[in-house]
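K.L.:
The following comprises the amino acid sequence and a computationally predicted model.
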Amino acid sequence: MATLEIRDLHVSVGQGADGAKEILRGVDLTVRSGETHAIMGPNGSGKSTLAYAIAGHPKYEVTAGSVTLDGEDVLAMSVDERARAGLFLAMQYPVEVPGVSVSNFLRSAVTAVRGEAPKLREFSKEMRQAMQNLSIDPAFAQRSLNEGFSGGEKKRHEILQLEMLQPKIAVLDETDSGLDVDALKVVSEGINRFGSSGDAGVLLITHYTRILRYVKPDFVHVFADGRIVEAGGPELAEVLENEGYEKYTKAGASL
Ligand code: ADP
Ligand code: MG
Ligand code: MG
(Lines give C-alpha, C1' and ligand atoms only; values in the text may rest on other atoms or scores of the structure.)
(Ligands and ions follow the chains in the order given, each with its own letter.)
Protein backbone atom coordinates (compact mmCIF):
# COMPACT_ATOMS: atom_id res chain seq x y z
CA MET A 1 0.00 0.00 0.00
CA ALA A 2 1.20 3.49 -0.81
CA THR A 3 -0.17 7.00 -0.47
CA LEU A 4 1.00 10.10 -2.30
CA GLU A 5 -0.22 13.17 -0.50
CA ILE A 6 -0.04 16.65 -1.99
CA ARG A 7 -0.99 19.44 0.39
CA ASP A 8 -1.48 23.11 -0.45
CA LEU A 9 1.26 22.95 -3.07
CA HIS A 10 2.46 26.27 -4.46
CA VAL A 11 5.01 26.29 -7.27
CA SER A 12 6.69 29.13 -9.14
CA VAL A 13 8.80 29.10 -12.28
CA GLY A 14 11.18 31.53 -13.92
CA GLN A 15 13.56 34.11 -12.47
CA GLY A 16 13.44 36.68 -15.26
CA ALA A 17 13.37 40.45 -14.85
CA ASP A 18 9.68 40.15 -14.06
CA GLY A 19 10.47 37.71 -11.23
CA ALA A 20 9.13 34.25 -10.59
CA LYS A 21 5.59 33.50 -11.67
CA GLU A 22 3.34 31.46 -9.41
CA ILE A 23 1.84 28.64 -11.46
CA LEU A 24 0.45 26.24 -8.84
CA ARG A 25 -1.68 28.04 -6.31
CA GLY A 26 -2.59 25.52 -3.65
CA VAL A 27 -3.01 21.96 -4.95
CA ASP A 28 -4.48 19.32 -2.65
CA LEU A 29 -4.59 15.73 -3.86
CA THR A 30 -4.25 12.24 -2.40
CA VAL A 31 -3.49 9.21 -4.59
CA ARG A 32 -3.54 5.75 -3.01
CA SER A 33 -2.57 2.31 -4.25
CA GLY A 34 -5.26 0.81 -6.42
CA GLU A 35 -6.67 4.19 -7.44
CA THR A 36 -6.50 5.80 -10.86
CA HIS A 37 -6.92 9.57 -10.82
CA ALA A 38 -7.28 11.72 -13.91
CA ILE A 39 -6.29 15.38 -13.86
CA MET A 40 -7.89 17.25 -16.71
CA GLY A 41 -7.74 20.87 -17.65
CA PRO A 42 -7.13 23.47 -20.32
CA ASN A 43 -3.70 24.14 -21.79
CA GLY A 44 -1.56 26.36 -19.61
CA SER A 45 -3.47 25.56 -16.42
CA GLY A 46 -0.36 24.11 -14.76
CA LYS A 47 -0.86 20.35 -15.16
CA SER A 48 2.68 19.69 -16.38
CA THR A 49 4.03 22.00 -13.71
CA LEU A 50 2.45 19.69 -11.14
CA ALA A 51 4.15 16.67 -12.76
CA TYR A 52 7.53 18.46 -12.91
CA ALA A 53 7.26 19.60 -9.29
CA ILE A 54 6.54 16.04 -8.12
CA ALA A 55 9.47 14.87 -10.28
CA GLY A 56 11.83 17.41 -8.72
CA HIS A 57 12.64 19.37 -11.86
CA PRO A 58 15.04 22.16 -10.77
CA LYS A 59 13.19 24.87 -12.73
CA TYR A 60 10.07 24.47 -10.63
CA GLU A 61 10.37 26.02 -7.20
CA VAL A 62 8.07 24.83 -4.46
CA THR A 63 7.27 27.92 -2.41
CA ALA A 64 4.73 26.37 -0.03
CA GLY A 65 2.99 23.12 0.80
CA SER A 66 4.12 19.51 0.93
CA VAL A 67 4.36 16.29 -1.06
CA THR A 68 4.77 13.04 0.85
CA LEU A 69 4.91 9.38 -0.12
CA ASP A 70 3.88 7.17 2.78
CA GLY A 71 4.71 10.06 5.08
CA GLU A 72 8.20 10.59 3.66
CA ASP A 73 9.02 14.10 2.46
CA VAL A 74 9.30 13.76 -1.33
CA LEU A 75 10.39 17.37 -1.77
CA ALA A 76 13.50 16.71 0.31
CA MET A 77 14.51 13.80 -1.94
CA SER A 78 16.81 13.92 -4.96
CA VAL A 79 15.33 12.85 -8.29
CA ASP A 80 16.95 9.41 -7.90
CA GLU A 81 15.64 9.04 -4.37
CA ARG A 82 12.13 9.79 -5.60
CA ALA A 83 12.43 6.94 -8.11
CA ARG A 84 13.81 4.58 -5.46
CA ALA A 85 10.98 5.53 -3.12
CA GLY A 86 8.55 4.25 -5.75
CA LEU A 87 7.54 7.30 -7.73
CA PHE A 88 7.43 7.13 -11.51
CA LEU A 89 7.30 10.32 -13.51
CA ALA A 90 6.90 9.96 -17.24
CA MET A 91 7.81 13.25 -18.74
CA GLN A 92 6.01 14.91 -21.55
CA TYR A 93 9.16 15.40 -23.61
CA PRO A 94 11.73 12.76 -22.71
CA VAL A 95 15.34 13.58 -23.54
CA GLU A 96 17.42 11.98 -26.27
CA VAL A 97 20.53 10.12 -25.12
CA PRO A 98 22.53 9.07 -28.18
CA GLY A 99 24.72 6.02 -27.60
CA VAL A 100 22.59 4.63 -24.76
CA SER A 101 20.29 1.84 -25.90
CA VAL A 102 16.77 1.36 -24.59
CA SER A 103 17.92 -1.94 -23.10
CA ASN A 104 20.89 -0.35 -21.27
CA PHE A 105 18.77 2.51 -20.07
CA LEU A 106 16.11 0.17 -18.70
CA ARG A 107 18.68 -2.02 -16.96
CA SER A 108 20.26 1.04 -15.28
CA ALA A 109 16.84 2.29 -14.25
CA VAL A 110 15.83 -1.09 -12.84
CA THR A 111 19.17 -1.34 -11.01
CA ALA A 112 18.75 2.15 -9.53
CA VAL A 113 15.22 1.44 -8.34
CA ARG A 114 15.78 -2.09 -7.01
CA GLY A 115 19.13 -1.26 -5.46
CA GLU A 116 20.91 -4.14 -7.23
CA ALA A 117 21.59 -5.08 -10.82
CA PRO A 118 19.21 -7.73 -12.13
CA LYS A 119 20.86 -10.83 -13.63
CA LEU A 120 21.28 -10.16 -17.33
CA ARG A 121 19.45 -13.29 -18.44
CA GLU A 122 16.45 -12.65 -16.17
CA PHE A 123 16.39 -9.00 -17.06
CA SER A 124 16.39 -9.79 -20.79
CA LYS A 125 13.54 -12.23 -20.35
CA GLU A 126 11.55 -9.70 -18.31
CA MET A 127 12.16 -7.01 -20.89
CA ARG A 128 11.16 -9.23 -23.81
CA GLN A 129 7.92 -10.12 -22.04
CA ALA A 130 7.12 -6.51 -21.22
CA MET A 131 7.85 -5.48 -24.82
CA GLN A 132 5.63 -8.24 -26.14
CA ASN A 133 2.82 -7.06 -23.84
CA LEU A 134 3.09 -3.65 -25.46
CA SER A 135 3.43 -4.93 -29.04
CA ILE A 136 6.91 -3.42 -29.29
CA ASP A 137 9.27 -4.82 -31.94
CA PRO A 138 12.19 -6.64 -30.20
CA ALA A 139 14.67 -4.55 -32.26
CA PHE A 140 13.49 -1.53 -30.29
CA ALA A 141 15.65 -2.63 -27.33
CA GLN A 142 18.80 -1.80 -29.29
CA ARG A 143 17.68 1.66 -30.43
CA SER A 144 19.36 4.76 -29.02
CA LEU A 145 17.30 6.25 -26.21
CA ASN A 146 14.60 8.54 -27.59
CA GLU A 147 16.66 9.22 -30.73
CA GLY A 148 14.26 9.54 -33.63
CA PHE A 149 11.46 8.02 -31.60
CA SER A 150 8.03 8.67 -33.03
CA GLY A 151 5.37 10.03 -30.65
CA GLY A 152 3.94 6.53 -30.36
CA GLU A 153 7.34 4.97 -29.63
CA LYS A 154 8.01 7.50 -26.86
CA LYS A 155 4.73 6.69 -25.19
CA ARG A 156 5.18 2.92 -25.51
CA HIS A 157 8.64 3.36 -24.05
CA GLU A 158 7.12 5.21 -21.07
CA ILE A 159 4.75 2.35 -20.41
CA LEU A 160 7.57 -0.15 -20.92
CA GLN A 161 9.46 1.63 -18.12
CA LEU A 162 6.34 1.46 -15.99
CA GLU A 163 6.06 -2.31 -16.51
CA MET A 164 9.73 -2.86 -15.76
CA LEU A 165 10.05 -0.54 -12.75
CA GLN A 166 6.75 -1.40 -11.06
CA PRO A 167 6.59 1.86 -9.09
CA LYS A 168 4.11 2.49 -6.28
CA ILE A 169 2.68 5.64 -7.82
CA ALA A 170 2.96 6.61 -11.49
CA VAL A 171 2.47 10.15 -12.76
CA LEU A 172 1.78 10.12 -16.50
CA ASP A 173 1.65 13.46 -18.30
CA GLU A 174 -0.14 13.61 -21.68
CA THR A 175 0.51 9.95 -22.34
CA ASP A 176 -2.16 10.06 -25.03
CA SER A 177 -0.74 12.88 -27.13
CA GLY A 178 0.56 11.87 -30.54
CA LEU A 179 -0.90 8.37 -30.45
CA ASP A 180 -3.01 6.80 -33.18
CA VAL A 181 -5.93 4.68 -32.04
CA ASP A 182 -4.04 1.36 -32.13
CA ALA A 183 -1.13 2.72 -30.10
CA LEU A 184 -3.57 4.41 -27.72
CA LYS A 185 -5.24 1.05 -27.06
CA VAL A 186 -1.94 -0.73 -26.41
CA VAL A 187 -0.69 2.04 -24.13
CA SER A 188 -4.03 2.16 -22.29
CA GLU A 189 -3.96 -1.59 -21.76
CA GLY A 190 -0.50 -1.17 -20.27
CA ILE A 191 -1.75 1.51 -17.88
CA ASN A 192 -4.74 -0.64 -16.95
CA ARG A 193 -2.54 -3.69 -16.38
CA PHE A 194 -0.39 -1.60 -14.08
CA GLY A 195 -3.31 0.14 -12.36
CA SER A 196 -5.26 -3.06 -11.76
CA SER A 197 -2.35 -4.75 -10.00
CA GLY A 198 -3.94 -3.38 -6.81
CA ASP A 199 -0.81 -2.05 -5.17
CA ALA A 200 -0.16 0.74 -7.65
CA GLY A 201 -1.67 4.19 -7.96
CA VAL A 202 -1.92 6.18 -11.18
CA LEU A 203 -2.13 9.93 -11.69
CA LEU A 204 -3.02 10.42 -15.34
CA ILE A 205 -2.70 14.00 -16.57
CA THR A 206 -4.48 14.80 -19.80
CA HIS A 207 -5.97 17.65 -21.77
CA TYR A 208 -8.17 15.37 -23.87
CA THR A 209 -10.85 12.92 -22.75
CA ARG A 210 -9.90 10.46 -25.51
CA ILE A 211 -7.68 8.21 -23.37
CA LEU A 212 -10.44 7.96 -20.77
CA ARG A 213 -12.43 5.79 -23.17
CA TYR A 214 -9.79 3.13 -22.52
CA VAL A 215 -8.47 3.95 -19.06
CA LYS A 216 -11.29 4.25 -16.54
CA PRO A 217 -10.35 6.61 -13.73
CA ASP A 218 -11.81 6.18 -10.27
CA PHE A 219 -11.56 9.93 -9.71
CA VAL A 220 -11.51 12.90 -12.07
CA HIS A 221 -10.15 16.31 -11.06
CA VAL A 222 -10.58 19.46 -13.09
CA PHE A 223 -7.49 21.64 -13.06
CA ALA A 224 -7.75 25.34 -13.88
CA ASP A 225 -5.50 28.28 -13.17
CA GLY A 226 -3.10 26.36 -10.96
CA ARG A 227 -5.47 24.44 -8.73
CA ILE A 228 -8.11 21.76 -8.62
CA VAL A 229 -11.47 23.45 -9.10
CA GLU A 230 -13.76 20.44 -9.24
CA ALA A 231 -13.58 16.74 -8.40
CA GLY A 232 -15.84 13.83 -9.16
CA GLY A 233 -16.04 10.32 -10.51
CA PRO A 234 -15.70 9.04 -14.08
CA GLU A 235 -18.94 10.78 -15.05
CA LEU A 236 -17.14 14.12 -14.77
CA ALA A 237 -14.93 13.14 -17.74
CA GLU A 238 -18.05 12.72 -19.84
CA VAL A 239 -19.33 16.15 -18.83
CA LEU A 240 -15.96 17.62 -19.86
CA GLU A 241 -16.02 15.75 -23.15
CA ASN A 242 -19.39 17.31 -23.96
CA GLU A 243 -18.97 20.76 -22.49
CA GLY A 244 -15.23 21.46 -22.61
CA TYR A 245 -13.41 23.62 -20.07
CA GLU A 246 -15.06 26.99 -20.82
CA LYS A 247 -16.93 27.24 -17.56
CA TYR A 248 -13.69 26.80 -15.60
CA THR A 249 -11.60 29.37 -17.43
CA LYS A 250 -11.52 33.13 -17.00
CA ALA A 251 -14.20 34.90 -19.02
CA GLY A 252 -15.03 31.54 -20.54
CA ALA A 253 -11.98 31.83 -22.81
CA SER A 254 -10.40 28.40 -23.26
CA LEU A 255 -6.70 27.83 -24.12
P1 ADP B 1 -0.36 22.62 -18.87
O2 ADP B 1 0.48 21.38 -18.75
O3 ADP B 1 -1.63 22.55 -18.10
O4 ADP B 1 -0.62 22.98 -20.29
P5 ADP B 1 1.98 24.01 -17.87
O6 ADP B 1 2.23 23.51 -16.50
O7 ADP B 1 2.81 23.48 -18.97
O8 ADP B 1 0.42 23.84 -18.21
O9 ADP B 1 2.12 25.60 -17.88
C10 ADP B 1 1.46 26.43 -16.96
C11 ADP B 1 1.97 27.85 -17.06
O12 ADP B 1 3.31 27.90 -16.61
C13 ADP B 1 1.99 28.41 -18.49
O14 ADP B 1 1.63 29.75 -18.42
C15 ADP B 1 3.43 28.26 -18.90
O16 ADP B 1 3.79 29.23 -19.84
C17 ADP B 1 4.16 28.43 -17.59
N18 ADP B 1 5.41 27.66 -17.56
C19 ADP B 1 5.50 26.33 -17.45
N20 ADP B 1 6.79 25.93 -17.45
C21 ADP B 1 7.53 27.07 -17.57
C22 ADP B 1 8.94 27.34 -17.61
N23 ADP B 1 9.86 26.35 -17.53
N24 ADP B 1 9.33 28.63 -17.72
C25 ADP B 1 8.41 29.62 -17.79
N26 ADP B 1 7.09 29.44 -17.73
C27 ADP B 1 6.64 28.18 -17.63
MG1 MG C 1 -6.92 0.55 -10.13
MG1 MG D 1 1.15 20.00 -20.06
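P.N.:
Looks like it came in fine. Ligands and ions are numbered 1, 2, ... in the order given.

K.L.:
Please spell out the segments of the stretch 51-200 of the chain that come in under the pLDDT threshold.
P.N.:
91-95 (pLDDT under 70).

K.L.:
near ligand 1, which residues of it?
P.N.:
Lys59 (Cβ under 6 Å from any ligand atom). (Glycine included, C-beta is placed from N, CA and C.)

K.L.:
quick one, helices of the stretch 51-200 of the chain?
P.N.:
79-85, 102-114, 120-133, 151-165, 181-195 (DSSP state H, counting those that start in this stretch).

K.L.:
so how far is ligand 1 from the residue in the stretch 101-250 of the chain that ligand 2 sits nearest to?
P.N.:
Proximity of the stretch 101-250 of the chain to ligand 2 (Cβ to the ion) peaks at Gly195, 4.0 Å away. Separation of Gly195 from ligand 1 (Cβ to the nearest ligand atom, to the nearest Å): 22 Å.

K.L.:
got it, and Gly152?
P.N.:
20 Å.

K.L.:
before we move on, back to that, which residues touch the residue of the stretch 101-250 of the chain closest to ligand 2?
P.N.:
Contacts for Gly195 (Cβ atoms under 8 Å, 6 or more residues apart in numbering) come out as Gly34, Thr36, Gly201, Val202, Val215.

K.L.:
Against Ile6, how distant is it?
P.N.:
From Gly195 across to Ile6, the span is 19 Å (Cβ to Cβ, to the nearest Å).

K.L.:
Then Glu147?
P.N.:
34 Å.

K.L.:
Contacts only, for the spatially most central residue of the chain.
P.N.:
By Cα atoms, centre = their mean, the mean C-alpha position of the chain lies nearest to Leu172, the distance being 1.7 Å. Counting by Cβ under 8 Å, 6+ apart, Leu172 makes contact with Ala90, Glu158, Leu162, Ile191, Val202, Leu203, Leu204, Ile205.
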